[in-house]
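A.B. asks: Sequence and predicted structure, then a few things I'm wondering about:
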Amino acid sequence: MRAYYFDNLPGDVRLPHDSGRPVDPSKLDSLNILYWHVPVDSEGGWEMRIDELSLENNFKCQDKIDVTKEAFGDKYEDILKEFFDEHLHEDDEIRYVVKGGGYYDVREHPKDDWIRVHIESGDLIAVPKGIYHRFMLDEQDTIAGLRLWRDVPNWTPLPRSDKTDKNPYRLGYLKALQSGSRGEGLIARVGNAISNFVLLKQAGDSDSDSEESEEELMTSDEEAPAAKPATTKPAMSRFLRTGGSDSSSSESDEEPEESEEEEEEEGGAKETKKKSRFLRSDSEDEESDEDVKRVVKSARDKRLDEMEATGKVMDNALKINDWVAISTEFDKLTRMVQRQQNMSEPIPPFYIRSLVSLESSLNTALSKEKEAKKKMNASNARALTAMKQKVKKGVKEYEREVKLFQEDPEAFERAYAAAPSAAEIAASRPKKAKKPVIDGEDDQAGTDEFTHVGKGGKGMQFSADGIFKNLQLVQQARGKKNTDRADQIRILEKLLQVAETPYQRIRVLLALISSRFDYNSSVASHMPIDLWLSAQREIDQLIHVIFNDPSYSVQETTEDYDEFVERSPADEKDGIVRIRGSIISFVDRLDDEFTKSLQNLDPHGTEYVDRLKDEKSLYRTICRAQALYEKTLQSDPLARVIMRRLEHIYSKPDTVLQALEAAAAASDLSPSISLNDNTSPSNLIHALCVHLYQSGNTLLRTRAVLSHIYHHALQNDFHTARDMLLMSHLQETVYSADVATQILYNRSVVQLGLCAFRCGLIKESQATLQDIFTTQRVKELLAQGVHQQRFQTLTPEQEKAEKQRQLPFHMHINTELLEAAFLVSSMLVEIPILSSIDTEEQKRKAISKPFRRLLDFADRQVFTGPPESTRDHIMQASKALQKGQWEQCRDLIHGIKIWDLMPESAAVKEMLARRIQEEGLRTYLFTYAPQYKTVSLSLLSRTFSLPLRSVTSIVSKMIWSEELLASLDQSAGVVIFNRVEFTRAQQLALTLAEKVGNLVEQNEKTLDFRLGGGSGWTERADGTKGDKRNEQTQERRGRGERTRGGSGARGARGGRGGRFAQGLGNQMPASQRAR
């Protein structure tokens, strides 16, 4: 068995992850983790030894376990992932390893660091109930052994959460650690702090010494050594006190340290005390009636003993030059001294002596390190540097004591010994006599007579004259340790009630709102809803005060002023009182806390819906802030608040947007840009975006453009949204933007693809959605989920960052609908192309790789049942379309229920039916062209239920774009197919031309990338007349596609008709259309 601290680095968790900081076995013992080593021998002696340990420790049940890939099959990885999730058990986890190995990661209390325990063959470990832990196999990837229980088997894992933190077994484990209950070889003492406490409580004050009751309460170990006379109070003795004890059990539970000091100091005359019978060893049971001598030490002496023990550990570490251990023990020693200072006791000479000694040792070690040829390891060197800074800081902090110690150490120690202890100081204070109660007097006035008590126990008077003084006291305590934030809020609320002038109200409101936001200091959790509502009302009140009195202004940067003096407009030069603060920061924080609360609520519950109703009041506050900044002409805060307003409405349907605007219109303050009878939601979005376009903030302009594109796409205005995206050139610079802007860009592009699909622009929709589906991380890129990789652990900071990026559920884009639109678009584009290609090499070149993978998987299936999921419907529809069965394909596509979530679903289904008919006709012509010389247009019209004019148009386009080698005889109403048989030399020439064309195209892409361009979404080709190089590139690309298409008898998808599928940016230049 080997124990060390986990390094928390990402990577395969089956690797050791050794941080280089070993863990002493005594540390595991302090965490109540027990360990035995029983070597596995071929004769089976280990089984007898396990049986003996089971009998000694009351292990009643056991079974065998074998964790291998062969045993668990497909569930193997899922089981390992479940093992590695942090959890606790309500029973001791006792495991013996026969073969293989693994890692137990246990939480250190109270630091919450991971300690990794590596167990291998022959190791028997007992992990107590209530401790947070996890398990993973080591590099051997297998483990076999025994599971043991002391009672009925119970291995149900409870994942870590707020609920498990209050689990009685968890609380019992923490109580056992606080009381110092150690294993000493007895698993019953380690894991059963709860059950022991219950039994002892039932026993009451009974002093029965029967052996049967002792065996029921505590299982003893025959091999445990005899207990030594205790120098401190025995563990759990506070549960055995009788009614005549000096302090009650409840007081000892709440203040164990103080109660122990009082007992020891007041009972100093007693030299003997009867030891608890629950802590006797086997040798002491026979002498249970004899008294045991105890050495009573004062609290100061015990603290000195702890310091000296720490100093011995530091001395031993200094001998082996282990600065990591020295740094750890020095931190512990410093905390002891700080606790002693908090009790108003002087600095102990031992600490000063240690500082002086460490300073000289450090100088010696640093000089040796400079001269040494072989340097110490990195962790030890870092610890040495850290110790240098710590000792330097300590010497500077206690400079006077160090100087006195160096002048006369003995005199310094005598002065410390003569100083009174904290207990003596407390005992010397006179106790206040209780005031007698006279029967005739009335009782106290109750809560009406209470006075608010501040720091030091002094009463605080709230009046208009003392507002600034009380504000100063609150601001000084802000952010300090042990500051009662709720009490600060109550003080500021009372100050707001007594404030008289606008200046006083503004100052108090600024402090009160800040205190409400400070109440929840955790980044991971959200602000309580009641505090959020109070902060929102107070921000409205602050805006109202400043809006109605223009002589007061709140700005982020102002000149210095006296905060203890009342200020009025008459005292200022320009008649305006400028107060330091930031209303826009309050609005930003209020909006962020609202989003964070939605992220932490269950989106499928009523709480989420109730919380979402508060968006009306938040939107009204944002509009009020906009009206304020429009009046005060502050451009930068105005742009920020307009961006906040835009983020609430750009993705909303018109009905929801109108409801929010109606709530804002009901306010007494309204901005200049609002929704009225003469404006539409699109005009409102346009006006807000235009204002942001004129601002000097590049980030706000970028986000405004993306929001505008998203709204146009939501309104089915595809061409306007596409043109805005192409003209902004954001696809070239978005990769250097912040994460939130990249998420907004992905959302806008995805919404643009859905808009093209709703408008019937299938090729544009497929080209738009292909980039994001190729990554196979759709949810992560849209901030709607996290894509977890196998055996990869995220650090707590990474987990928090990922969680904070997630969008609230009501802003999600339905990924199933998105996938359905992409796969249907890919089907309508890909199936005709597959039918037009002869060679297998060309068939492997897919436009949509995700769709092609699904189609190939469906083709490999031996048995195909009825379609169940969206993918099943689309794959079976693709097969039907390949066979020319367009009616079956249409029915399968219409059978997808997800279309009902799309606006105007009936029109979308009608559009899909029409496109399936057209692509079915194209597939039919590509497939059966080699078998026909002529085909009647009227027959094609009847077969695919299309008008004759539509059939003629489709065939003409295919002939014109060189997709179909045929001619159209309109007089006879037939299509005449032309066959071209290539010789072997011609086929080789075409293959060579295709490869050369691919090479040229790849070189051009590389050149574009080097010059700052890109491909796909990042490729910009405006089709302007001056861009000759771009026209030549597209011409070469078109020639290559026509050349590749000519290799078959029917032609391929190349030519003029195939250019648009390369992406939205590759529009066909006017010069090529004229040819």
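C.D. replies: Nice, thanks for sending it over. None of these values were measured; they are calculated from a predicted model.
A.B. asks: C-alpha from now on. contacts and neighbour counts both.
C.D. replies: Fine.
A.B. asks: which parts of stretch 484-493 are buried?
C.D. replies: Residues of stretch 484-493 classed as buried: 485, 488-489, 491-492 (neighbour count, 16 or more other C-alpha atoms under 10 Å).
A.B. asks: how far away is the closest residue to residue 870 other than its chain neighbours from residue 905?
C.D. replies: Spatial nearest neighbour of residue 870, chain neighbours left out: residue 896 (6.2 Å); criterion: C-alpha to C-alpha, 6 or more residues apart in numbering. According to C-alpha to C-alpha, to the nearest Å, residue 896 stands 11 Å off from residue 905.
A.B. asks: which one of these two has more residues nearby?
C.D. replies: residue 896 (19 against 14; other C-alpha atoms under 10 Å).
A.B. asks: Which one of the buried residues of stretch 484-493 is nearest to residue 784?
C.D. replies: residue 485 (34.6 Å; C-alpha to C-alpha).
A.B. asks: Residue 308 - nearest residue in space that isn't next to it in sequence?
C.D. replies: Using C-alpha to C-alpha, 6+ apart, the nearest residue to residue 308 is residue 350, at 7.6 Å.
A.B. asks: what's the answer for residue 923, then?
C.D. replies: Closest to residue 923 by C-alpha to C-alpha, 6+ apart is residue 832, at 4.6 Å.
A.B. asks: What of residue 576?
C.D. replies: Excluding the flanking residues, the one nearest residue 576 by C-alpha to C-alpha, 6+ apart is residue 551, at 4.5 Å.
A.B. asks: so what's the one you found up against?
C.D. replies: By C-alpha atoms under 8 Å, 6 or more residues apart in numbering, the contact set of residue 551 is 569, 575-577.
A.B. asks: Any figure for the gap between it and residue 575?
C.D. replies: Distance from residue 551 to residue 575, by C-alpha to C-alpha: 6 Å.
A.B. asks: Mind listing the shared neighbours of these two?
C.D. replies: Counting by C-alpha under 8 Å, 6+ apart, the residues touching both residue 551 and residue 575 are residue 569.
A.B. asks: give me the beta-bridge partners of residue 34?
C.D. replies: Beta-bridge partners for residue 34, by DSSP bridges, are residue 126.
A.B. asks: care to break this structure down by domain?
C.D. replies: Structural domains annotated on the chain: 2-194, 310-367+378-413, 464-663, 933-1003, as defined by the TED database.
A.B. asks: Quick one: mean pLDDT for the second one?
C.D. replies: Pointing back at domain 310-367+378-413 there. Mean pLDDT, computed over domain 310-367+378-413, is 85.
A.B. asks: Equivalent analysis for the last one, please.
C.D. replies: In this model, domain 933-1003 has an average pLDDT of 86.
A.B. asks: Run through the neighbouring helices and strands of the strand of greatest length in the chain.
C.D. replies: Criterion DSSP state E: the longest strand present in the chain is strand 93-107. When contacts are defined as 3 or more C-alpha pairs under 8 Å, 6 or more residues apart in numbering; DSSP states H and E, strand 93-107 sits against strand 114-120, strand 123-127, strand 133-137, strand 143-149.
A.B. asks: ok now it, how far from the chain's centre?
C.D. replies: 29 Å (C-alpha atoms, centre = their mean, to the nearest Å).
A.B. asks: contacting residues around that strand?
C.D. replies: By C-alpha under 8 Å, 6+ apart, strand 93-107 touches 6, 40, 113-129, 131-138, 140-149, 155.
A.B. asks: again, but for stretch 701-721
C.D. replies: With contact meaning C-alpha under 8 Å, 6+ apart, stretch 701-721 is reached by 643, 646-647, 650-651, 682, 685-686, 689, 692-695, 722, 724-725, 728, 730, 741, 744-745, 747-749, 751-752, 754-756, 758-759.
A.B. asks: Same question for stretch 18-28.
C.D. replies: By C-alpha under 8 Å, 6+ apart, stretch 18-28 touches 3-7, 34, 115, 379.
A.B. asks: now with 7 Å?
C.D. replies: Stretch 18-28 is contacted from outside by 3-7, using C-alpha atoms under 7 Å, 6 or more residues apart in numbering.
A.B. asks: C-terminal to the strand or helix carrying residue 957, what's the next element?
C.D. replies: Using DSSP states H and E, residue 957 sits in helix 948-960. Once the chain leaves helix 948-960, the next helix or strand it forms, by DSSP H and E, is strand 966-969.
A.B. asks: Burial check on the closest residue in space to residue 349 that isn't next to it in sequence, number of neighbours?
C.D. replies: Once flanking residues are discounted, residue 349 sits nearest to residue 413: 5.9 Å by C-alpha to C-alpha, 6+ apart. Number of residues near residue 413 (other C-alpha under 10 Å) recorded here: 14.
A.B. asks: Residue 118 against residue 2, yeah?
C.D. replies: Yes: using C-alpha atoms under 7 Å, residue 118 is in contact with residue 2, at 5.2 Å.
A.B. asks: Neighbour count for the two, which is higher?
C.D. replies: The residue with more neighbours, out of residue 118 and residue 2 and counting by other C-alpha under 10 Å, is residue 118; that gives 19 against 13.
A.B. asks: Could you report the separation of the closest residue to that one other than its chain neighbours from residue 134?
C.D. replies: Spatially, and ignoring its direct neighbours in sequence, residue 118 is nearest to residue 103 (4.7 Å; C-alpha to C-alpha, 6+ apart). Remark: distance between residue 103 and residue 134 (C-alpha to C-alpha) = 8 Å.
A.B. asks: wait, residue 151 sits on residue 62?
C.D. replies: No: look at residue 151 against residue 62 with C-alpha under 7 Å: they stay out of range, at 9.8 Å.
A.B. asks: between the two, which one's more packed in?
C.D. replies: Neighbours per residue (other C-alpha under 10 Å) separate residue 151 from residue 62, with residue 62 holding more: 18 against 13.
A.B. asks: Now name the helix or strand holding the more buried one.
C.D. replies: strand 61-67.
A.B. asks: Show me the contact partners of whichever helix or strand comes after that strand.
C.D. replies: Once strand 61-67 ends, the next helix or strand along the chain (criterion: DSSP H and E) is helix 69-72. Contacts to helix 69-72, defined as C-alpha under 7 Å, 6+ apart, come from residues residue 76.
A.B. asks: ok, residue 647 - how many residues close by?
C.D. replies: Quick note: residue 647 (other C-alpha under 10 Å) scores 14 neighbours.
A.B. asks: before we move on, could you check phi and psi at the residue lying closest to it once chain neighbours are set aside?
C.D. replies: Counting by C-alpha to C-alpha, 6+ apart, residue 647 lies nearest to residue 707, which is 7.5 Å off, once chain neighbours are set aside. Backbone torsions for residue 707, taken as degrees, to the nearest 10, come to phi -60, psi -40.
A.B. asks: buried set for the longest helix seen in the chain?
C.D. replies: Identified as the longest helix of the chain according to DSSP state H is helix 984-1010. Residues 990, 993-994, 997, 1000-1001, 1005 are the ones in helix 984-1010 that count as buried (16+ other C-alpha under 10 Å).
A.B. asks: List the buried residues of stretch 612-622.
C.D. replies: 615-622.
A.B. asks: what comes into contact with it?
C.D. replies: Against stretch 612-622 from outside (C-alpha under 7 Å, 6+ apart): 540, 587, 641, 645, 660, 663-664.
A.B. asks: Among the contacts of residue 551, which lie within helices?
C.D. replies: When the contacts of residue 551 are checked against helices (DSSP H), there are no matches.
A.B. asks: Could you list the low-pLDDT ranges of the protein?
C.D. replies: Where the chain drops to pLDDT under 70, the residues are 181-297, 373-374, 420-461, 521-524, 677-678, 787-792, 838-846, 1012-1075.
A.B. asks: Mind doing that once more with 50?
C.D. replies: 183-293, 431-450, 456, 458, 1014-1075 (pLDDT under 50).
A.B. asks: And the helices in the stretch 451-600 of the chain?
C.D. replies: 467-477, 485-498, 502-518, 529-548, 583-600 (DSSP state H, counting those that start in this stretch).
A.B. asks: which one of those helices lies closest to residue 15?
C.D. replies: Comparing the helices of the stretch 451-600 of the chain by their distance to residue 15 (C-alpha to C-alpha), the top pick is helix 583-600, with 33.5 Å.
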